[in-house]
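Chemist: Dropping the sequence and predicted coords here.
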There are 2 protein chains.
Amino acid sequence: MPRIRFLPHEREIEVEEGTSLIRAALEAGVHINASCGGTGVCGKCRVLVEEGQVEGGINEKLSQADQEKGYRLACQAVVQTDLQIRVPVESEMDAAVLNRPASPRRKAHIQQVDLQDFKEKGLFLPPVEQRYLEMTPPSAEDNSSDVTRVVNALKLQHHEHGLEVDFYVLRKVVDVLREEDFKVTTTLARPVHEDGKTGIINIQAGDTTSRNFAVAMDVGTTTVYGQILDLNSGEVLAEYGDFNAQMSYGEDVINRIVHAEKGNGLEELNQAVLKTINNVIRRIIKKAAVDPEDISTITLAGNTTMTQLLLRLNPRYIRRSPYVPACTLFPPIKAHELGIELGDHVLALVYPSVSSYVGGDIVAGVMGSLMYRSEDIMLYVDIGTNAEIVIGNKDWMACAACSAGPAFEGGGMKFGVRAEKGAIEDFSVDPVTLEPMILTIGQEKPIGICGSGLITMVAVMFEEGIIDNRGKFNRDLKTERIRENEGIWEYVLVWSEETEVGRDVVLQEPDIDNLIRAKGAIYSGCTTLLSEIGLSVADLERILVAGGFGSFVDLEKAMTIGLLPEMDPGKITYVGNGSLMGAKMSSLNNRIRRDVVKVTKKMTNFELSETQSYMDNYIASLFLPHTNTDQFPRLSQRLAAKKKEA
Amino acid sequence: MPRIRFLPHEREIEVEEGTSLIRAALEAGVHINASCGGTGVCGKCRVLVEEGQVEGGINEKLSQADQEKGYRLACQAVVQTDLQIRVPVESEMDAAVLNRPASPRRKAHIQQVDLQDFKEKGLFLPPVEQRYLEMTPPSAEDNSSDVTRVVNALKLQHHEHGLEVDFYVLRKVVDVLREEDFKVTTTLARPVHEDGKTGIINIQAGDTTSRNFAVAMDVGTTTVYGQILDLNSGEVLAEYGDFNAQMSYGEDVINRIVHAEKGNGLEELNQAVLKTINNVIRRIIKKAAVDPEDISTITLAGNTTMTQLLLRLNPRYIRRSPYVPACTLFPPIKAHELGIELGDHVLALVYPSVSSYVGGDIVAGVMGSLMYRSEDIMLYVDIGTNAEIVIGNKDWMACAACSAGPAFEGGGMKFGVRAEKGAIEDFSVDPVTLEPMILTIGQEKPIGICGSGLITMVAVMFEEGIIDNRGKFNRDLKTERIRENEGIWEYVLVWSEETEVGRDVVLQEPDIDNLIRAKGAIYSGCTTLLSEIGLSVADLERILVAGGFGSFVDLEKAMTIGLLPEMDPGKITYVGNGSLMGAKMSSLNNRIRRDVVKVTKKMTNFELSETQSYMDNYIASLFLPHTNTDQFPRLSQRLAAKKKEA
C-alpha cells in the first residue's frame, strides 16, 4: 500500500491506492481546511505534492501558478504512489498546534469469514447437503419401492442413516427416478439435534451436486438484506437490500405492534414484509442467475417483533410488561407455508430469540461472530434505534436491550440524514481557527449529518473544548461559525452556498443532547448489565460492534463520547450486519444451528426497565464521556495534556 | 337364547329371539321348501308349531284350517320362546333322507375388540393424547415465552419430554393462553419411533380433555368407510360408508391407473377420492355431533393404488412389471395438505404398504387383527376382486396377491348382484325333489345371487351331486329346474312370478365356472405361497377372513368348494373390513403404529405371476374342491358316506 508522509506534521500513513488525499489526511489525524465535503467547490484543501504521483486534484479553484508549483486539491487528488505532501500553514497560530497530539482515527477491523480456514476446521457443513446416486433399475428380483431404493442407495453409497422422506419428494420420486435412468441427486436436510433424522427434502434427476444454494436473510425493522450463497464454495453470489415495506405502518417496532393490534393489521404487516422478502429474493436470484429449484434453504434472522410479524404470531404482548414473546425457538417450516416464494421443498430456518427485545438478529450475531465460542469475555453491541447488548463468553452470557432512539441512524437531528451520499461522515476542526474539515459520503455536496459523522463531530469538538462535557458550545469562542439562532446554539458546518440543500448545515445543541441520551442509554445498559453479573467495564476483553452504521464509526471517537467503553481499538471488531452474518454462517454450518439452541438457553435476559440501578446509571452517563471519567483513562490523559499545554 | 327343536329331524339349535323360523331351520341344516326367498309368496314353508310361541307367520297363503291347527309360514314366523317345530314330510322320499348328514352351517365368529381388555393390557395409548395445564401467568420474574411456558408446564405437570411445537400451535398460542387465564389443553402427537419427538399439534383454551376424537378410514377401490372414534373411551361414535367417486373412472385398480396416466387423470382421481372422503367425514362428524376442532388425527388405510391416488403419487409403475410402488412407508402429513377437510392441526397417518399389490389395507388387517403378535401360524385372506394372502406369525410373514375376479362381489354372473336387499344369500336343496330353500337379504323378493349365496349354492349342489367336480350339472336328474337354455345349462332358483325382476332367476354353468376360477386363484395363491416358504396347508393353525362379503359366508361351504383350506371352523375368524379395523386399532394404540414399521419390513412379498408353480397350482385348483381331495379330508368323508348310502 502506498505510504504518505504529511509535512510539516511529520505524520505517516499507509492507505490503499485510489484513496483521496483528504481522506488519507483525516485518517492520519492531519487537519486540512475543507468545508464543502470534498466536492472541490470550496478550494480550501490546497496541498503541495512534494514527492510521488497523484491523479487529478486540479480544477478551476486552483490557480495556474499553484498547479505548476505542484499544488493539488486534496479532496480531488487520488493516491497512486508513495507520497510526500506538504500542508500549507496559513498562519502562525496554525503552526503552533501542528504537533498537538491528535487522537488517531481508528476504525474497527471488520470481521471476515475465512472460508478456507472454515473448511479446514471442518466447520463447513451446511444444514443441507446433496448426494448423487446411481441406482440399478427395478427388476423382478428387486422390486422394492422407489423411495426404498433411494434410501437404500443413500445408505450403501453414502453411509446415510436415520433418514426420513419429505412428502414433496414422495410426489416427485416416481418421475424423477426415471428421467435419467435412476441417476438422481438428493438434497438432505440435517437435523438440529444430532440424534434427529436427516430429511430427504428434494430429489432431482441426474447429477446436480454442483448446484446447491441457500438464501441468508436479515429481516430488519428498516431494511431487509438478502444474500444468495453457493453451498459448495461458501461464496456469496449476490446480495441485495431493500426497505422493509412495513415502514409505511410505522418506523419502529412499537408502532408496528400498535398497528398489528388493529383489525387486519397483523395480516397487513405480514404481507408487507413478505412483499419485501420476496422482492429481495427475486433480485438476488436474478443477479446470481441461479435456478430457484437449486435453492434448498432460507435462513432468516430478525428481531423478535420482525420474526413474529414474519410468522404471523400476535406480537401484542411484546410491548406490554412483562414483555412476553410468543416463542423463542422456531421449528423448521416450509418456506412456502410462510408465504416466501421459493420452491415447495425449501426449508425456512428461523433464528431463535432470547426475549422480546433480544431477538434472532442478536442471537445470529452472537453465533455468526463465534462470540459463543470465545474464551475471552466479550461485549457484543448492536447499535441502532434499539440497541442490544450481550456480555459473556463460551460459558455464560447476559443480555439486555435498550432504546437508544434514532440518533445513530441520523434521526431526531435538524440536519440528520441516513448514511447516504452527501451525508457528512467525517470531520476535523482546526483548533485555532475552528474551521472545519468535512468529508461527505461519495464526496458529494453536503446534505446533512449521518450517525457516524455526528459521533466524530461531537468527539472532536469535545476534545477541542468547543463543547463542554454537557454538550454545550463554549460561548466565548471567537468564530462566526458558532452562533445563537432563534435561541438555539449551533455550529455552522457548511455555509449554504456549498451545500446541496441551499441552507447552512449546522450542528445544534439539541442534536448533541440527543446523541448524549442515545450513547448514555447504551453505555448505562452495559454498565448495568455488568454490575448485575458482578463485573465491571475493566473485565471486558473484547468488543464486537454490530449495526448498519458501524463501518463508518471512528472507534476512538465512539470511546471519546462514552458510547463504547475505552479499550485498545485493536480489540474491537466491527461485525457489520450481525444478523445477516449469522444467517449466512448458519447457512454454511449446521453446527452453529445445533449450538444455537444451547446458546439461547445460556443467554440470561435482563429487563433493564425493571432494574433499579439502570436509571441511576443512565443519568450518570448523560455527560461526555461520563460522570465518572475514571472509566476513560486514555481520554482523561489526552484532555489533561491539552489543558497543560494551554 | 330360545332353543328350537325341529322334528322329525331331531335337530336342535339356539337362535336369537326375533330370528325367522326359516333362518333357524337353515342354520340347523333342516331343509324346508321355500322358493320365494322368504317373502311369504310361495307359501311352501308351512311348519307346525307344536310347542312355544312365535310371532306372525300367518298370511293368505295359509288356509284357515291350517292356521287353527297351529301351522305357520316359517319365513314369516319369528322366534319368541323355546319352540318345537314339526316340518311336514310331504313324501316318503323326503322322509328317507331326513337323517342324512347335513353339513352344518358355520359362520366364522367375528373378531371384536374388547376395549376393557385392551385398556387393562396397557394397549390403549392413542397416538394423540391431550394434557391439561394450569399455568402461572407471566410476571417480571418469569417472562419466558408463551411456548416455553407451555413446554415447561408439560414437563413439570405431566413429565412430558422431547417435545417439539407445531407451527400451527405457534400461531395460536398467544391468544389461546390468555383466553382462560393460562389454562389450556394441549394435544400431543406421539412419535413413531420411541426415541422420536412428541409433537404439540394443538392447543385449546380451558380443559377440553374430555373431547379428543380420531377418524379411522378405509379407502377402498369400491367403497370408502369412515368411523369417528372417541379417544377417551375407544368407542366408535359414528360410521358411514360411501361409494368411491373414482368408480366413474374405472371399476378396478388397473382401470384407475390407466386413467391416471391420461392427461389430468391423476388429478381427477385424486379429487374424486377426496370428494368421497370429505363427504364421509362430514357425515360422521354430523352423526357423532363432535366439534371438528376436537378431532386430532385421521388414520387412512387403502391398497397401494388407492393410497397413491390419495397422496397424488404417480401409480404408473404399479401395473407394469416389476410392479414398483412409489413408496411403502409414509411420513405423517398434515391432513389439509392432502386436501382432507379437517382442521389445520390434524395429522393424517397413512398405513404403510408392502408392495404394489399388498397394500396398507392388508397391513392394517394384519395389525388390527393382532396377527402380527400371534404365536400360531395364521392365514389372513382378504377376499375380493383382488385377493391378498398373508401367511405367518409374530416372527415371519409371507404375502402375495392374486386376481380373483368379481365373482365374490356378485360380478360376472348372469344374475349376480351385490350383497343388497333381495340378493339370495342362503340356499338349501331337497336331495330328492331338488326343490330349493332360498333366503334373500331382508327377505325381500329375489333379485339375484350375491357372492356368499353363490358359494353356498355351489357347495350344496356339489355335495348333493347336482353338479360334478368340474361344476357341470348332472344331466340325468329329473327336475324341471335343471334345463338347457340356448345351449347353456342352468338351475332355476326362482320362477319368474316369485321374483322382483320378472324373469326366472337361474344359476348357470358359466357362473359356476367363474366361481371356480376365483376360488382357484385364491386357493392356489395360498398353496403356492406355502410351498415357497416350505410349508403346507396342514401347517396352518388359524385363518382370518377379511373382506366385505365375509360376514355372510358359510365357512363350511367355503371349504367345500375349496376356497379356504379345510380346518375346524372354530379356528376361523371373520375380521370383516380389516382395513377399517386396522385404521381404528392404530388410532387407539400408538404401539401398533410403532410396530407396523417393523412388521412391513418383515412381510416378504411374493409376486405370484413371477412364480413358476403358481400356474400349475392354479390349474389343479380348478375343480371342486380340488384335484387333490386329500387336502379336504372332512369333505371326502361326507362324500364317501353319501356314496355308501346311495
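Modeler: Alright, I've got the coordinates.
Chemist: Put the alpha carbons of stretch A:63-77 into CSV.
Modeler: Extracted in CSV, the C-alpha atoms of stretch A:63-77 (Å, rounded to 0.1, in the frame of the first residue of the first chain):
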residue,chain,number,x,y,z
SER,A,63,-4.6,28.9,-9.9
GLN,A,64,-2.4,28.2,-12.9
ALA,A,65,0.6,29.2,-10.8
ASP,A,66,-0.3,26.8,-7.9
GLN,A,67,-0.8,24.0,-10.4
GLU,A,68,2.6,24.5,-11.9
LYS,A,69,4.2,24.6,-8.4
GLY,A,70,2.7,21.1,-7.7
TYR,A,71,-0.3,22.2,-5.6
ARG,A,72,-3.4,20.0,-5.8
LEU,A,73,-6.8,20.0,-4.1
ALA,A,74,-6.6,17.2,-1.5
CYS,A,75,-10.2,16.2,-2.0
GLN,A,76,-9.8,15.8,-5.7
ALA,A,77,-6.4,14.1,-5.8
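Chemist: Buried by neighbour count: which residues of that stretch qualify?
Modeler: A:Asp66, A:Tyr71, A:Arg72, A:Leu73, A:Ala74, A:Cys75, A:Gln76, A:Ala77 (16 or more other CB atoms under 10 Å in any protein chain shown). Quick note: C-beta positions are derived from backbone N, CA and C, even for glycine.
Chemist: which regions of the stretch 101-250 of chain A lie under the pLDDT threshold?
Modeler: Applying pLDDT under 70 to the stretch 101-250 of chain A picks out residues A:101-110, A:112-113.
Chemist: And chain A, by the same measure?
Modeler: Looking along chain A with the criterion set at pLDDT under 70, you get A:91-110, A:112-113, A:549-552.
Chemist: who's sitting farthest from the centroid in chain A?
Modeler: Most distant residue from the mean C-alpha position of chain A: A:Ala140, 61.0 Å away (CA atoms, centre = their mean).
Chemist: give the contact list for that one.
Modeler: By CB atoms under 8 Å, 6 or more residues apart in numbering or on different chains, the contact list for A:Ala140 reads B:Ser321, B:Pro322, B:Glu607, B:Glu610.
Chemist: try 7 Å
Modeler: A:Ala140 is in contact with B:Pro322, B:Glu607, B:Glu610, counting by CB atoms under 7 Å, 6 or more residues apart in numbering or on different chains.
Chemist: go on, A:Tyr351?
Modeler: A:Leu300, A:Ala301, A:Gly360, A:Val363, A:Ala364, A:Gly582, A:Ala583.
Chemist: burial of the closest residue to it other than its chain neighbours, as a residue count?
Modeler: Nearest residue to A:Tyr351, sequence neighbours excluded (CB to CB, 6 or more residues apart in numbering or on different chains): A:Gly360, at 3.2 Å. Residues near A:Gly360, counting by other CB atoms under 10 Å in any protein chain shown, number 31.
Chemist: again with A:Gln271
Modeler: 15.
Chemist: Are we agreed that it is in a helix?
Modeler: Yes - applying DSSP: H, G, I helix; E, B strand; the rest coil, one finds A:Gln271 inside a helix.
Chemist: how close does it sit to A:Glu645?
Modeler: Distance of A:Gln271 to A:Glu645, computed by CB to CB, to the nearest Å: 62 Å.
Chemist: what sits against the residue nearest to A:Tyr351?
Modeler: A:Ala301, A:Gly302, A:Asn303, A:Thr307, A:Val350, A:Tyr351, A:Pro352, A:Ser353.
Chemist: Test of understanding: give the bridge partners of the second one.
Modeler: Note on A:Gly302: beta-bridge partners A:Val219, judged by DSSP bridges.
Chemist: ok, it - contacts?
Modeler: A:Gly302 touches A:Asp218, A:Val219, A:Gly220, A:Leu310, A:Gly359, A:Gly360, A:Asp361, A:Ser579, counting by CB under 7 Å, 6+ apart.
Chemist: Domains in chain A, by residue range?
Modeler: When chain A is parsed with automatic domain parsing, its domains come out as A:1-99, A:127-205, A:213-362.
Chemist: Distance to B:Cys45 added to those, as JSON lines?
Modeler: Below are the domains of chain A laid out as JSON lines (distance: least, CB to CB, whole Å):
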{"stretch": "domain A:1-99", "distance to B:Cys45": "113"}
{"stretch": "domain A:127-205", "distance to B:Cys45": "55"}
{"stretch": "domain A:213-362", "distance to B:Cys45": "67"}
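Chemist: Pick the most deeply packed of those.
Modeler: Comparing those by mean neighbour count (mean count of other CB atoms under 10 Å in any protein chain shown), domain A:213-362 comes out on top with a mean of 22.
Chemist: Can you give me the end-to-end span of it?
Modeler: One end of domain A:213-362 to the other measures 24 Å (CA to CA, to the nearest Å).
Chemist: where along the stretch 201-350 of chain A do the strands fall?
Modeler: A:213-219, A:223-230, A:236-243, A:295-302, A:333-334, A:347-350 (DSSP state E, counting those that start in this stretch).
Chemist: among those, which is nearest B:Glu51?
Modeler: strand A:333-334 (74.6 Å; CB to CB).
Chemist: Need the contact partners of the closest one.
Modeler: By CB under 7 Å, 6+ apart, strand A:333-334 touches A:Leu347, A:Ala348, B:Phe167.
Chemist: Go ahead and confirm A:Val505 touches A:Leu493.
Modeler: Yes - taking contacts as CB atoms under 7 Å, A:Val505 lies within contact range of A:Leu493: 4.9 Å.
Chemist: does A:Leu454 sit in a helix, a strand or a coil?
Modeler: Per three-state DSSP, A:Leu454 ends up helix.
Chemist: Okay, the nearest residue to it once chain neighbours are set aside and A:Pro625: tell me how far apart.
Modeler: Leaving aside its chain neighbours, A:Leu454 sits nearest to A:Leu515 (5.7 Å; criterion: CB to CB, 6+ apart). Noted for A:Leu515: a distance of 12 Å to A:Pro625, by CB to CB.
Chemist: cool, and A:Gln116?
Modeler: From A:Gln116 to A:Pro625 the distance is 41 Å (CB to CB).
Chemist: Tell me which of the two has more neighbours.
Modeler: Taking other CB under 10 Å, A:Gln116 and A:Pro625 do not tie; A:Pro625 has more neighbours (27 against 10).
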